[in-house]
Every structure is written in C-alpha cells, then in structure tokens.
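S.K.: sequence plus the predicted model coming up.
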Amino acid sequence: MSEVKTHVRVRFAPSPTGYLHIGSARTALFNWLYAKNQGGKFILRIEDTDLERSKKEFLSEILDSLKWLGMKSDEEIQFQSSRKPLYDTYAKKLLDKDKAYYEETEKGKAVIFRNPKTKIAFDDIVKGKIEFDLNEFDDLVLIKSDGTPTYNFACVVDDMDMKMTHIIRGDDHISNTPKQLMLYNAFGARPPKFAHIPLILGEDRSRMSKRHGATAIREYRENGYLPEAVINFLALMGWSPKDNREKLSTEQIIKLFSLKSIKNTPAVFDIKKLNWLNSEYIKSCPPEKTTDYLTPFLIKKGVPAGNYDKKWLTSVIKLYSTRFSNIDEFIEKSEFLFKEKIDFDEQALKSYINEKTIPYLGKYTKKIEALESFGEKTLEEAARALSQELNINWADLIHPVRVAVTGKDSSPGIFEVLVLLGREKTLKRLKDIQEKS
RNA sequence: GUCCCCAUCGUCCAGUGGCCUAGGACAACGGCCUUUCGAGCCGUCGACACCGGUUCAAAUCCGGUUGGGGACGCCA
C-alpha cells in the first residue's frame, strides 16, 4: 500500500505596491520550500485590488526577484484584479443568506459581513493554539464601495477557490486570521491550516525597513549576492537543519525543511552573516561563472568591466575571490586595476614612499624594463635579486611598490597584481610616483 | 488604549525535565602562516530577562512581572 499523498497547495500572494521585500521573500521561500518538500504546488497570486497603489513596475520587479531566487509558480499566476466576478458571486451568497448586508455610502454601495461576535480559535502550526473573541472586531467590509473586494475577503475567496491547503505568512497576519475564519465558517468551508512565521526585524528590533539598509531583493542581486547564498541565509532565519550545519544547498534545504521546525521567535537581520555566506559561495563558485554573473552589475556600478577581455576579468575575480563578499567591496579593493589614474591612500603614501624608498623603485623599474617576460616569477626574481644587491629588507622594496601601483597599503600578492596590471601600467605608475615625489 | 505574538551569547540557530559546569555559526579579539590584505588553521570573549511555583531534578512545565514586536482601514 502506498501512502496517501496530501496534495499540498500553498501560495505566495504579494501585492504589487512595492519591490520584493526581504521579509516577503522569506515568506515566499518558506511556502516554496514546503511545497517542494511535500511534492506539492507553489502558486503565485498577485493581490492587486488596490488600483491606486498597484504598479506594473513593481509587479515585474517582484517577478524578476522571485525568478532570480529560483522560485516559480507551479500553476498559472492569478491576478485578483481579473477575478472580480468571483468575489461578487461569493458576496452574493452571503447576502442571500443574510450573513452580509448592503451599506449605502457617499461613494456607493458596500457589502458588509455580519460579524457573529463569537469566540474563535485555531491551531497554528508554528504558534500553537490561538484564541480570539470576535467582539474585538467590527462587521467586516467585503466589497468596497468602488466595487473591489477587501483584502480579507478576496484572500478567503481565492484561498477557497484555489484549494489552498496551507497558509504560510508573516505573523503580522495573525489578527487577520479570526476575520478570515469567520468567513470560512459563513461559507461552510473547511479552512486551510495556518502557519504564521515571525517577522524579520532590523537591528533596532523594529520591523525591517529601508532605514535598516537594503530591503529589496533586487538590491542584493545588484550588489553581487548569489541567489543560493540569499536562499541559504533567508532559510536560516527561523529554520535550521538542527545539526549545526550552516552552508546548505537549496536541495538540501528542501529535503530537510518542515513547518514544525520553524522557530517562533522573530529574527534580527544580520548583514554580516549574509556577507559571510555569500563569500563562502563566491569562494566555491568557478571564477568564470562568477565573472559572467557579476560583469553586468559591475558595469552598472561604473566599473568599465566590459572594456576588458573575459580572461583577464576572470583572473581578477579569481584573485579577489577570497577577498570580497559583495560588489562594493570588490570595487573598493580592485578599482586600481580598472582605473587609469589611481587615488592614493595618504597614510600608505606617508608610510612607504620616502627618500629612502624612491630610489629602490627607480632601480626596480629598470629591472622590469630589462625583463624579457613580464610574469609573476620573473618579477619576483627581479625583486629578490634587487633586495640582495642593495642589501635591503624585502619589505622595504615590496611595500613601496604596492603603494606605487595600487595606491593602497594592502592588496593581493603584489606580483600577481603587477601581472594583472600589465607591463605598461606598472611601469607608468612606478615612474609617476618617482616624478611626483 | 484594546487584542495578539514573543523572550538562550552582540546577531542567527541547537536545546523540548536529568546527557547543560548550555552546543554550533557570524561578528569581535588574539595566535600561527605570510611581502601587506584576505583566505586557512588554532584559540579567547560571550547567553538561559526577572520573580514565584511544580518536581528528587527546570533553559526546558505553570503563573506573574518586565521588556520587545505585531494588529486594531472601504491598505494589503
């Protein structure tokens, strides 16, 4: 005998009144993970009943972000704006049973549900039993005077119509649940199971918003975060594999995911951990792939990455792959390779460029000019030889060279850097600094 | 204000009555390695909010206090 399949159906229902927020993305993720784990369906529903605030740009951004994260709707995407007849039909049912009534307003006729004012309770998968007294709420508007359904009504009608089995959403919806439950009751329908997940908070423990930093998934994408890293990070906020593993592939997460193991405490968003995870993913990603992925975003940020050949760019990415966790960091550290004129760090200049070291630079310049091949090995040999001839400290030669060509006092291995910079630029920078001083 | 939710290191998570002198990760700090930075390796710091119960035994169960968060729209 085979097991009875549960046919799990879950949905993510954003309203296109803003970009895809990191918290919403996590809600979407938990829905998606559950569907995949259960072999069920994940369905996207666009809650665009607020005509004023709904915008096409937001819709496409939400769709793009979801696609980037790898979550796609298993069935045709539903738009509430095109399901109006359905809501009217359902409203009529309640009107006919006198469970709802019309109310005349200045703007027109609204349909209002008669709150039965009973007590109502439900078992939340992550929160446990929650009880409400409906006396705390007024009668509920079903259809607004402009003819569009309200959120709570449209939501229930759609969830019934789309045969949702589980509603996984932020716990800011807990107090909507009793209102929705009274509607299910009025229709004589069995409500889905609810799982309310705690919100993601900012550092100050208030709901995560723009002032806490980037909240749009798009921004993370454009800053060079890899989708696997973002998924991994988001999943770890409120869920864990229980065995202290941190870096998990999406497949592994799907396999291990369960609603019951979602932690019921709010999580504070920690960009440092995301950065760490992202750098882990960058380290393990083939450099060519990272290059392809990052190039457009680098260009968008003003790095003329497109002017260089891919092989060279890949070498740069490879050299920096253990040294950055996002694009801004990459740019900050590697900018000197792309620029004609570099900026010098005052402190670095002061520490390493002086009367004593400038002559060394001059001598090293000559050595390089005499070099047949401009490679890491020959460059290093030349420098070793020079420090011996002059009987100077290795550091007294190497650091000034670094400052001269990078403008900074830290960089990846200097000879690798010189090779990437190329003979011409290397010599030019070495000469410039001698003249300048 | 009313209602609801929540409470373990700075942060994320493990822990569901004895295995806990509370474990892992990020961050921070220190060491090793090293031409600098990073990476890597090793280590240090660091928490059960408080007060009462229940129990032979409580981070784990119950009650209260305090503290956070959320919801109270013809927004979603």
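M.R.: Alright, I've got the coordinates. Numbering: from 1, shown residues only, chains lettered A, B, ... in the order given.

S.K.: output stretch A:56-74 as CSV, nothing but the C-alphas.
M.R.: Output in CSV follows, covering the C-alpha atoms of stretch A:56-74 (Å, rounded to 0.1, in the frame of the first residue of the first chain):
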residue,chain,number,x,y,z
LYS,A,56,3.3,47.4,-13.3
GLU,A,57,6.9,48.2,-12.4
PHE,A,58,6.5,46.7,-9.0
LEU,A,59,4.9,43.6,-10.5
SER,A,60,7.8,43.0,-12.8
GLU,A,61,10.3,43.6,-10.2
ILE,A,62,8.7,41.1,-7.8
LEU,A,63,8.5,38.6,-10.6
ASP,A,64,12.2,39.2,-11.6
SER,A,65,13.3,38.8,-8.0
LEU,A,66,11.4,35.6,-7.5
LYS,A,67,12.8,34.2,-10.7
TRP,A,68,16.3,35.2,-9.6
LEU,A,69,15.8,33.3,-6.4
GLY,A,70,14.6,30.3,-8.4
MET,A,71,11.0,30.2,-7.2
LYS,A,72,8.4,29.9,-9.9
SER,A,73,4.7,29.4,-9.8
ASP,A,74,3.7,25.8,-10.5
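
S.K.: kindly report the domain assignment for chain A.
M.R.: When chain A is parsed with automatic domain parsing, its domains come out as A:211-332, A:346-436.

S.K.: how far off centre is the shortest one?
M.R.: Put simply, domain A:346-436 sits 41 Å off its chain's centre (Cα atoms, centre = their mean, to the nearest Å).

S.K.: hmm, A:Lys99 is touching A:Asn185, no?
M.R.: No - using Cβ atoms under 8 Å as the test, A:Lys99 is too far from A:Asn185 to be in contact (9.6 Å). C-beta coordinates here come from the backbone N, C-alpha and C atoms, glycine included.

S.K.: burial of the closest residue to A:Arg207 other than its chain neighbours, as a residue count?
M.R.: Counting by Cβ to Cβ, 6 or more residues apart in numbering, A:Arg207 lies nearest to A:Leu199, which is 5.9 Å off, once chain neighbours are set aside. Counted with other Cβ atoms under 10 Å, residues neighbouring A:Leu199 total 17.

S.K.: ok, now A:Asp74?
M.R.: Using other Cβ under 10 Å, A:Asp74 is surrounded by 15 other residues.

S.K.: likewise for the one 3 residues further on?
M.R.: A:Ile77 is flanked by 12 other residues according to other Cβ under 10 Å.

S.K.: measure it to A:Pro85 for me?
M.R.: Taking Cβ to Cβ, to the nearest Å as the measure, A:Ile77 falls 18 Å from A:Pro85.

S.K.: likewise for A:Phe297?
M.R.: For A:Phe297 relative to A:Pro85 (Cβ to Cβ), the value is 44 Å.

S.K.: more crowded one of these two?
M.R.: Neighbours per residue (other Cβ under 10 Å) separate A:Phe297 from A:Pro85, with A:Phe297 holding more: 17 against 8.

S.K.: quick one: contacts for that one?
M.R.: Contact analysis of A:Phe297 by Cβ atoms under 8 Å, 6 or more residues apart in numbering lists A:221-224, A:327.

S.K.: cool, A:Phe153 as well?
M.R.: A:87, A:90-91, A:113, A:140-143, A:183.

S.K.: ok, then the element right after the helix or strand containing A:Pro296?
M.R.: Taking DSSP states H and E as the criterion, A:Pro296 maps to helix A:287-300. Using DSSP H and E, the helix or strand that follows helix A:287-300 in sequence is helix A:310-320.

S.K.: send me that next one as CSV with only the CA atoms.
M.R.: In CSV, the C-alpha atoms belonging to helix A:310-320 read as follows (Å, rounded to 0.1, in the frame of the first residue of the first chain):
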residue,chain,number,x,y,z
LYS,A,310,36.9,38.0,-20.1
LYS,A,311,40.0,36.0,-19.5
TRP,A,312,41.6,39.0,-17.8
LEU,A,313,38.5,39.8,-15.8
THR,A,314,38.2,36.2,-14.7
SER,A,315,41.8,36.3,-13.4
VAL,A,316,40.9,39.4,-11.4
ILE,A,317,37.8,37.8,-10.0
LYS,A,318,39.8,34.7,-9.1
LEU,A,319,42.5,36.7,-7.4
TYR,A,320,39.9,38.5,-5.3
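
S.K.: give me the contact list for that helix.
M.R.: A:287-288, A:290-291, A:294-295, A:305, A:330, A:333-334, A:337, A:412, A:416-417, A:420.

S.K.: so is that helix next to RNA strand B?
M.R.: No - Helix A:310-320 is not in contact with RNA strand B by Cβ under 7 Å from any atom of the strand; minimum separation 8.2 Å.

S.K.: got the angle between that helix and helix A:287-300?
M.R.: Angle of helix A:310-320 versus helix A:287-300, following axes from the mean of the first three to the mean of the last three Cα atoms, to 10 degrees, is 100 degrees.

S.K.: helix A:310-320 - what's its average pLDDT?
M.R.: Averaging pLDDT along helix A:310-320 gives 98.

S.K.: what's the answer for stretch A:36-43, then?
M.R.: pLDDT averaged over stretch A:36-43 gives 98.

S.K.: please apply the same query to stretch A:66-85.
M.R.: Averaging pLDDT along stretch A:66-85 yields 97.

S.K.: same deal with stretch A:346-355?
M.R.: Here stretch A:346-355 scores 94 as its mean pLDDT.

S.K.: mind listing residues that contact that stretch?
M.R.: Counting by Cβ under 8 Å, 6+ apart, A:399-400, A:402-404, A:407-409, A:433, A:437 sit against stretch A:346-355.

S.K.: can you tell me how far A:Arg53 is from RNA strand B?
M.R.: For A:Arg53, the distance to RNA strand B (Cβ to the nearest atom of the strand, to the nearest Å) stands at 6 Å.

S.K.: what sits against the closest residue to that residue other than its chain neighbours?
M.R.: Closest residue in space to A:Arg53, ignoring its immediate chain neighbours: A:Thr17 at 4.1 Å, by Cβ to Cβ, 6+ apart. For A:Thr17, the contact set (Cβ under 8 Å, 6+ apart) comprises A:50, A:53-55, A:58.
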